[in-house]
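Undergrad: would you be able to build a 3D model of this:
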Amino acid sequence: MTLPELDLEPAHARLKEFAEWTGTKPPETLVDDDGAPTNELLAYTRQQGLSLDWLFVGDVGCLVREVRRSRLENVAA
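TA: Numbering: from 1, shown residues only. A predicted model of the protein is given here:
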């Protein structure tokens, strides 16, 4: 099975914006030769709490769910 070619320009723009918001230095390369996220990108997203769904697809649903979950936990505490 061949995956469709992913347009990385929007992802690069989102990564640049995220780095500006957070004052961090993002990795330069998003995907390796196989089209998978680079180890550097995965480490950066883990360290910074950056959603791969938002980065690559622009999906904010996961962010909304996480903020909601966190706020509900704080209310219950």
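
Undergrad: list the buried residues in the helix or strand containing residue 43.
TA: In the assignment (DSSP states H and E), residue 43 maps to helix 39-48. For helix 39-48, a neighbour-count test (16 or more other CB atoms under 10 Å) marks 41, 44-45 as buried. All C-beta atoms are positioned from the backbone trio N, CA, C, and that covers glycine.

Undergrad: one more: stretch 18-29?
TA: Within stretch 18-29, the residues scored as buried using 16+ other CB under 10 Å are 18-19, 26-27.

Undergrad: how about those residues in JSON lines, adding secondary structure?
TA: What follows is these, written out as JSON lines (DSSP: H, G, I helix; E, B strand; the rest coil):
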{"residue": "18", "secondary structure": "helix"}
{"residue": "19", "secondary structure": "helix"}
{"residue": "26", "secondary structure": "coil"}
{"residue": "27", "secondary structure": "coil"}
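
Undergrad: what is the nearest of those residues to residue 35?
TA: Distance to residue 35, by CB to CB, is smallest for residue 27 among those, at 15.7 Å.

Undergrad: hmm, the closest one is touching residue 41, no?
TA: Yes - between residue 27 and residue 41 there is a contact at 5.0 Å, judged by CB atoms under 8 Å.

Undergrad: give me the contact list for the helix holding residue 43.
TA: With contacts defined as CB atoms under 8 Å, 6 or more residues apart in numbering, helix 39-48 is touched by 18, 22, 24, 26-27, 29-31, 37, 50-52, 55.

Undergrad: in those residues, find the pair that's most separated.
TA: Farthest pair in these (CB to CB) is 22 and 31. Separation: 21.2 Å.

Undergrad: mean confidence score for the host helix or strand of residue 54?
TA: Per DSSP H and E: residue 54 is located in helix 52-57. Mean per-residue pLDDT for helix 52-57: 89.
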